[in-house]
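Chemist: let me see the structure of the following:
(2 chains)
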Amino acid sequence: MDKSPVDLLASPSLASLLKSLKLKTKQQELLIRVSILCLVYVLAFITRLFSVLRYESMIHEFDPYFNYRVTQYLTQKGFYEFWNWFDSESWYPLGRIIGGTLYPGLMVTAALIYWILRFLRFAVHIREVCVLTAPFFASNTTLVAYFFGKELWDSGAGLVAAALIAICPGYISRSVAGSYDNEGVAIFALLLTFYLFVKAVNTGSLAWALASAFGYFYMVSAWGGYVFIINLIPLYVLVLLITGRYSMRLYVAYNSMYVLGMLLAMQIRFVGFQHVQSGEHMAAMGVFFLMQVFYFLDWVKYLLNDPKKFHTFLRITVTTAVGLGVIALGVGTASGYISPWTGRFYSLLDPTYAKDHIPIIASVSEHQPTAWSSFMFDFHILLLLFPAGLYFCFKRLSDATIFIVMYGLTSMYFAGVMVRLILVATPAVCLISAIAVSATIKNLTQLVRAKSKPNPVGPGKGTSSTKASAKGSPDQSMPFQRNGAIALLLGAFYLLTRYAIHCTWVTSEAYSSPSIVLAARGAHGNRVIFDDYREAYFWLRQNTPQDAKIMSWWDYGYQITAMGNRTVIVDNNTWNNTHIATVGRAMSSYEDEAYEIMRSLDVDYVLVVFGGVTGYSSDDINKFLWMVRIGGGVFPVIKEPDYLVNGEYRVDKGAAPKMLNCLMYKLSYYRFGELTTEYGKPPGYDRARGVEIGNKDIKLEHLEEAFTTSNWIIRIYKVKPPNNRW
Amino acid sequence: MKRIPFDLSLLFVFVFCMFFSTVCSDLVISKLDRRIDLTTQSVRTTVSLKVENNGDAVSEILLPFPEHQARNLAFLSAKISEGKDKTKGSSGSLPIEVANPKGVPPSLTWYSVSLPKELSKGGSLTLEVKAVFTHVLRPFPEKISQADAQLVAFQDSAHYLSPYTVKVQSLTIKLPEPRVESYTKLENTKFSGTELKYGPYENLPPFSYTPIVVHYVSNKPFAVAQELVREIEISHWGNVQITENYNLVHAGAEITGEFSRLDYQSRPHVRGASAFRNLVAKLPPRAHSIYYRDEIGNISTSNVWSDSAKTLLEIEPRYPMFGGWRTSFTIGYGLPLKDFLFRSEGKRFLNISFGCPMSDVVIENLIVKVVLPEGSKEISVSVPFSVKQSQETKFSHLDMVGRPVIVLEKKNVVPEHNQYFQVYYKFSNLSLLREPLMLIFGFFLFFVACIVYMHADFTISKSSPSYLAKLQWDEVQTAIQQFQNIMNRCLVAHDKLEASLRELSRTGDVQACKAARKAADSLLKELAKELKPLLSFLQSSPQAVQIMTKVEELVSKERELQEKLMLKHSTVVDSYEKKSGGRDIENRVAAVQQKITQLRQEVDDLLEVIDEI
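Modeler: Now for the predicted structure:
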């Protein structure tokens, strides 16, 4: 049983057994298990290829474009160039130190895969590697889920967990082909770290603990979400300590994992000394010291051999230790040696924090609190199976099940706070649900199979028989047990089928869109493609000067640098709030004021996204209030009420005068008033907002239209040089 | 409005040439008909000359071109058309060389056409010279707004520049549209429709030169590929893969001021007349797997029509191409190998067209790369015109030494260069199998490595307790497996006994039944003997403690079962010998039978439990 199935597949015993065709039950089971696992592995990969089939092999969304650009740089120029890269194409005129401000795990992984394939003489393009990295790691995650499930419950639960996580929409949403983002590899690293740590706690083996530390290192190098690990594991250890489950195994596992993991994590430049200095990491350090205190107390207890003395000693030591810890923390925080929690961390603990204090975090749609429907959408039946699984876990409480229960509950809370953290909760939900499914089905099948045996033993007599047969022995008091079991089995089968159908549907319909290319159904049911983003970016790339500076809202920064190959003022790495606020201010000012700001930033072109013609609703006009808020947060000249009428955001005739004349409005609606968008509506009818616009006579003084894409989704304006004074 | 700048140097040429006029005075052009086609961005001149020889026999005819034309001369061919019968006339083009006659001014470039046979005194022939110039049309004004039509200026001479006396000549200029801004008016100038006619002029001396300028509207696409890299990759598995990388620019008048999408989409042919939307590539028939993309992904605006003679690919750049705008893209397609690869004299040769499949695209720098399969030898190329040739290596899937690549480079390419060229090479069919074999070998090695890994022992310390425990555990496992084997064989023996009883009830053959009993007895005894050392080993091993209880339980149950079975067997046989009735036997056996079934059930369960360990 301790051999891994992959090893056994290659083992000659299986080969010879296959030859004899008559397999023993155990070997049959192994064969089935290995083949199911292989199928799940393949399934996890191919279900994520919907995006390639529906669209093409391309990089999706926003952040992946940055990752792709960096990976290209890495493969072309080598690791050290990449590590020391100062990127002058973004955050003009500040620039960005790339090596020190990113998690390099994903890029290095993709580059390694690329170099290995190249070495093996497969002439692949780096884009293909990047597109398929996420599905590949999703497949690997299923393997980890299997072993984790096996460690938590049994191999059946492991298999179910692997199958569930392979197609779970919550995970697929971030790991379809082309979604080349940190989360793609991070979930694999997260689950691997947890699995190895649980294994280390179960065995007390140093090797597993070290492996877990390396898993943690990979996670740190890949995603900022590693903070979850470094807080969950100490919390788990604390719970074990409180429930009296302290053991030498735990001591070995936690200490070696924490110390080595910390040292390794500090090698990532973006983390560096934060790991010992920032507030988010203090819990881990505190628990580390607590472990030492526990160990010390154990030793004293062993020496003293007198409960009364020991209790006195215990009280003194614990008080001193806690007191010292609190004082150290207080002094550290006060002296600024320990940095306080970041806004993101606060907003996790308090969902309303971001809305009041950091509009830039709140403005991102994936940072919004999760709606119930999206839980249902992403988990489907797992949402119901999750509590059932928790019940089973509590029924058979062990160190491992305590871990998964804690992981499940905490991540579920975070998933409720932020939409994107559903992703973190997905593995836990899958594992716990797998326990429920596996345990239920196992019990039911035993009931079904027990009756099929001839001449069953009486219930009273089977004292010596095994647990399985005792469970399997039918109870005379429940005459329809077998039929009931069959019915329930069918029900479970039906539910799981619905789950599979739902997952496939969600993957193909909802999560495979690259969001660069928009697809819609035409009037005759044919597919219409809006490829405006790339049209505009390619136009920028080809028809503007090499050193042109493009101003746009920060959402499009990564795409402009990656696809348009031009310098941007702000991008999706929102590290400088003031700079973003300056752009927000320019967008929400009158044209002549904005012109001054743009001149001072050397802006050559302004890019706005406009959905009024196509009815594309995530355009700049709909994001505009966030620009006002973020701009107003730094520059009090910009006041949100100026853009609202009675607290209402409007673009039609009743809109606020400042709104009708601000730069964003002008750029979006320039000459839109002459266009008839929909039959039977007046010209200038905005389809995204369903109103006729308020200002149809827009004159631009300092800017001129340079390019507008075929569906008007992107409009690019050229900033004119200042007028001749003579 | 600025005046159209004019090449003053031409006048100097004209003056200089007067001194040269004596050299070739023996030849006289009795009739000359010149047609200039301005309908596209490249200028196509067709001159038919009727040459008469009045002096000594000559074997070559000189064609001078002024510098500004020679610089942009992309293609030049001459052939003799015999008489008016045009079907017979095409007798292959004549070799043309750059000539440097003595005493000529340097601002003229001379080409000499070698005649297939000398033209004797008094003889005459008709020569048809075709020349294509690129970049001689200059947009004027150089910058226009979106709504303006594009105006271009064309300069030439109304009289044919020739070192020979021309008796009668005329010039016809064909324009794309009947809209002309201005043209030089000389005597005998006629403008009708889209044609501008000069002449006929009679008895002009050598080097007559009368500059003319035509300024007209041309909204034809000025698509210029600054660089085109065509990669032709041969796979002997049956495919010729062609990849073409274009770097395209609209070389007409540059757009200035706003580009308004509203204007463009409401009246694209008025407010965007100078722009072009699409290009059509004429690909060979049976082209398949066609794609059209650029650096940032697939471009979805393209169409394909195909019939038995050709495949038409209509591609639309991501945005309309206005003057000065650039774009770059890649098109690729596969072609069946058998249409293009042939064998001759033990060699293979590829016969494929040289230029770009799009008509009306002028290519400034064309690079054709022919990627031959790995292991090709003795490579030679034959191209119908002069090209720069070099060789490089390309690494593709599973290549060890790389594929030889023939690189052909040519500047200023027009559709007239779309001629077939040949690449000859030797290639053994065995090399085809190399890559699949490599893959097979790779996988083989991988599996061998796995097998070796499974069998090798990587333990560092052979005396560590965990290692020893593992060894013991392995032994225990094999012992248990043997034990299970024996148990199963016992059960089989039991089954045989039962079967013999059934046989007995059917046939009544007591002897056979007894023989079966004897065989079973001896077998069971043997098995019991085999079981003993196993049991003692398991008892002694500390690893087997948890299983031991089950094993012992199983052994005792089995023994009990065996006893009961024997009892039943002897009872039944006895009663048969005593000829008791069937029901009687059943009654006697019933109690034992029940016990047996129960025991059997328990034994089976136990076996399953042990199996699960």
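Chemist: quick one: pLDDT of residue 98?
Modeler: Just going to use chain A. Model confidence at residue A:98, given as pLDDT, is 91.
Chemist: my question was about chain B
Modeler: For residue B:98, pLDDT reads 84.
Chemist: for the closest residue to it other than its chain neighbours, helix, strand, or coil?
Modeler: Ranked by CB to CB, 6 or more residues apart in numbering or on different chains and with sequence neighbours excluded, the top spatial neighbour of residue B:98 is residue B:111, at 6.0 Å. C-beta here means a position set from N, CA and C on the backbone, and glycine is covered the same way. With DSSP: H, G, I helix; E, B strand; the rest coil as the basis, residue B:111 sits in strand.
Chemist: need the contact list for residue B:111.
Modeler: Counting by CB atoms under 8 Å, 6 or more residues apart in numbering or on different chains, residue B:111 touches B:62, B:63, B:64, B:65, B:76, B:96, B:97, B:98, B:99.
Chemist: pick the one among these closest to residue A:535.
Modeler: Nearest to residue A:535 among those: residue B:76, at 40.9 Å, using CB to CB.
Chemist: that closest one pairs with what?
Modeler: residue B:131 (DSSP bridges).
Chemist: picking up where we left off before, of the contacts of residue B:111, keep whichever come out buried.
Modeler: Neighbour-count burial (16 or more other CB atoms under 10 Å in any protein chain shown) is assigned, among the contacts of residue B:111, to B:62, B:63, B:64, B:65, B:76, B:96, B:99.
Chemist: rewinding a little: got the contacts of residue B:111 as a markdown table, with distance to residue B:596 and secondary structure columns?
Modeler: Shown next, in a markdown table, are those (distance: CB to CB, whole Å; DSSP: H, G, I helix; E, B strand; the rest coil):
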| residue | distance to residue B:596 | secondary structure |
| --- | --- | --- |
| B:62 | 120 | strand |
| B:63 | 116 | strand |
| B:64 | 120 | strand |
| B:65 | 115 | strand |
| B:76 | 109 | strand |
| B:96 | 110 | strand |
| B:97 | 112 | strand |
| B:98 | 112 | strand |
| B:99 | 117 | strand |
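Chemist: now flag whichever of those residues is closest to residue B:303.
Modeler: residue B:76 (35.7 Å).
Chemist: residue B:145 and residue B:258: what is the separation?
Modeler: Residue B:145 sits 8 Å away from residue B:258, going by CB to CB, to the nearest Å.
Chemist: with neighbour numbers in mind, choose between these two.
Modeler: Neighbours were counted for residue B:145 and for residue B:258 using other CB atoms under 10 Å in any protein chain shown; residue B:258 has more, 20 against 15.
Chemist: which residues sit in contact with the more buried one?
Modeler: By CB under 8 Å, 6+ apart, residue B:258 lies in contact with A:704, A:705, A:706, B:145, B:146.
Chemist: report the two of those separated the most.
Modeler: A:706 and B:145 (13.3 Å).
Chemist: can you map out the strands along the stretch 601-726 of chain A?
Modeler: A:605-609, A:685-686, A:691-692, A:703-708, A:714-719 (DSSP state E, counting those that start in this stretch).
Chemist: go on, chain A?
Modeler: Ranges of strands in chain A, per DSSP state E, are A:86-87, A:96-97, A:518-521, A:527-530, A:549-551, A:567-568, A:605-609, A:685-686, A:691-692, A:703-708, A:714-719.
Chemist: so which of these comes closest to chain B?
Modeler: strand A:703-708 (3.5 Å; CB to the nearest CB).
Chemist: for the closest one, give the mean pLDDT please.
Modeler: On average, strand A:703-708 scores 94.
Chemist: what residues does the stretch 501-613 of chain B have near chain A?
Modeler: Residues of the stretch 501-613 of chain B found near chain A (CB under 8 Å from any CB of the partner chain) are B:553, B:597, B:598, B:601, B:602, B:605, B:608, B:609, B:611, B:612.
Chemist: can we see that at 7 Å?
Modeler: B:553, B:597, B:598, B:601, B:602, B:605, B:609, B:611 (CB under 7 Å from any CB of the partner chain).
Chemist: got it, and chain B?
Modeler: Checking chain B against chain A by CB under 7 Å from any CB, the hits are B:257-262, B:294, B:296-298, B:300, B:318-319, B:325-328, B:395-399, B:447, B:450-451, B:454, B:553, B:597-598, B:601-602, B:605, B:609, B:611.
Chemist: how about a cut-off of 6 Å?
Modeler: Listed as neighbours of chain A in chain B under the rule CB under 6 Å from any CB of the partner chain: B:258-262, B:296-298, B:300, B:318-319, B:325-327, B:396-398, B:450, B:454, B:597, B:605, B:609, B:611.
Chemist: for the chain, which helix is longest?
Modeler: Just so you know, I chose chain A. helix A:422-452 (DSSP state H).
Chemist: chain B is the one I meant
Modeler: Looking across chain B with DSSP H, the single longest helix is helix B:465-507.
Chemist: hmm, which helix or strand of the chain has the shakiest average pLDDT?
Modeler: The chain I'm using is chain A. The helix or strand of chain A with the poorest confidence is helix A:467-472; it has a mean of 40 (mean pLDDT, DSSP states H and E).
Chemist: that's the other chain; I wanted chain B
Modeler: helix B:86-89 (a mean of 44).
Chemist: buried residues, stretch A:339-347. List them.
Modeler: A:342, A:344, A:345, A:346, A:347.
Chemist: hmm, who's touching it?
Modeler: Outside of stretch A:339-347, the residues within contact range by CB atoms under 6 Å, 6 or more residues apart in numbering or on different chains are A:277, A:278, A:279, A:280, A:353, A:354, A:358, A:361.
Chemist: for the closest residue to the last one other than its chain neighbours, what are its contacts?
Modeler: In other words, residue A:361. Once flanking residues are discounted, residue A:361 sits nearest to residue A:354: 4.3 Å by CB to CB, 6+ apart. By CB under 6 Å, 6+ apart, the contact list for residue A:354 reads A:347, A:361, A:362.
Chemist: one more time with 8 Å, if that's ok
Modeler: Residues in contact with residue A:354 (CB under 8 Å, 6+ apart) are A:343, A:346, A:347, A:361, A:362, A:367.
Chemist: can you check residue A:110 too?
Modeler: A:71, A:126, A:129, A:130, A:133, A:180.
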